[in-house]
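K.L.:
Can you look at this prediction? I've put the sequence above it.
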Amino acid sequence: MGHMGAGVPPAPQPLPGVAHVVAVGSGKGGVGKTTVAVNLSVALAKLGYKVGLIDADIYGPNVPTMMGTTRQPNVVGENRIEPILAHGVKFISIGLISPGDKPLVMRGPMLHQIIRQFLQQVEWGELDFLIVDLPPGTGDVVISLVQTVPLTGAVVVSTGSNVALEDARKALEMFHQVKVEVLGMVENMSQMTLPSGEVIDVFGAGGTERTAAQFGLAFLGALELNPAIREGGDKGLPIALAGPDSKLASEVYTMAQRVADKAKQVASKNENVFEIS
Ligand SMILES: Nc1ncnc2c1ncn2[C@@H]1O[C@H](COP(=O)(O)OP(=O)(O)OP(=O)(O)O)[C@@H](O)[C@H]1O
């Protein structure tokens, strides 16, 4: 103990009962990362998986609004936090804890502490997927995350625009640096269909799929730009609730199925690596 420097973090430990931790990141803010993370979670739950969702966007926690509840979580036993259940998904967010009393500036150690608590002190129980909605950009939160738990992989969300893709590439680079496998990329705010049926391309649809191909990554799907998606977010009724037969929500289910398949594939590949060595 004594000679171990205080700066040496303990090795990441899997969360008992949690099969896959999957981070959702973007690089650029405002591309709809939280919208994707929330809908992905709800769709996975509707597909029959046990799903948890951590709002790790400490500076702009929008998950409670998008999940439709700002109820404070109960603390049980020895400082264990009960996640909030909404739309079949268990979630936790800094936005639920002492709302109105959140520090605007957080020092690194405090941020690390929050991420660790969200992973280790929340009563997640058995989960197939624990989705983590990262803050935009690259940095601290991801480092705290990978120091605490092993991740199955990450999903990178972008629009098709060059500026969003520039930042998405930085996110890809960051995941590479911290040795987190990217499961694939999602294009959000892709094409938009007008009531007349005319399709308009606002952000350069197709750009994300091309970028994924350049990096040898899977393209996990596109979500159109549609006011119903924004309304669903603001009302706390994610469009995934409409189910796989709804035309709009079907895109989310395709995406969710691909994320699930890819996560299982990556995890079994990594298990084999351990067995061989
Ligand atoms: N496909 C879409 N169609 C219409 N509106 C969308 C779509 N995706 C997201 N939005 C809306 O765009 C806004 C930004 O989305 P969101 O909060 O998910 O982005 P974000 O990338 O998580 O942002 P940040 O992390 O910077 O806070 C929200 O109002 C959301 O409802």
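P.N.:
Now that the structure is in, tell me what you want to look at. Numbers count the residues shown, from 1 in each chain.

K.L.:
Contact residues of the stretch 101-250 of the chain facing the ligand?
P.N.:
With CB under 6 Å from any ligand atom as the criterion, the stretch 101-250 of the chain meets the ligand at residues 136, 188, 189, 223, 225, 226, 229, 230, 233. C-beta here means a position set from N, CA and C on the backbone, and glycine is covered the same way.

K.L.:
5 Å instead?
P.N.:
136, 189, 223, 225, 226, 229, 230, 233 (CB under 5 Å from any ligand atom).

K.L.:
What about those residues, which are in strands?
P.N.:
residue 223 (DSSP state E).

K.L.:
Distance-wise, check the residue nearest to residue 242 when sequence neighbours are not counted relative to residue 193.
P.N.:
Nearest residue to residue 242, sequence neighbours excluded (CB to CB, 6 or more residues apart in numbering): residue 249, at 4.1 Å. Going from residue 249 to residue 193 by CB to CB, to the nearest Å gives 15 Å.

K.L.:
just residue 219 next, same as before
P.N.:
Separation of residue 219 from residue 193 (CB to CB) stands at 20 Å.

K.L.:
So which bits of the lengthiest helix in the chain are buried?
P.N.:
When the chain is parsed with DSSP state H, its longest helix is helix 247-276. Neighbour-count burial for helix 247-276 flags 248-260, 262-263, 266-267 (criterion: 16 or more other CB atoms under 10 Å).

K.L.:
What about residue 113? Give its phi and psi, please.
P.N.:
phi -60, psi -40 (degrees, to the nearest 10).

K.L.:
separation between it and residue 148?
P.N.:
In terms of CB to CB, residue 113 sits 10 Å off from residue 148.

K.L.:
Quick one: distance of the one helix or strand residue 169 maps to to the chain centre.
P.N.:
Using DSSP states H and E, residue 169 sits within helix 162-177. Distance of helix 162-177 from its chain centroid, counting by CA atoms, centre = their mean, to the nearest Å, is 16 Å.

K.L.:
okay but residue 56 is in contact with residue 145, surely?
P.N.:
Yes: using CB atoms under 8 Å, residue 56 is in contact with residue 145, at 7.0 Å.
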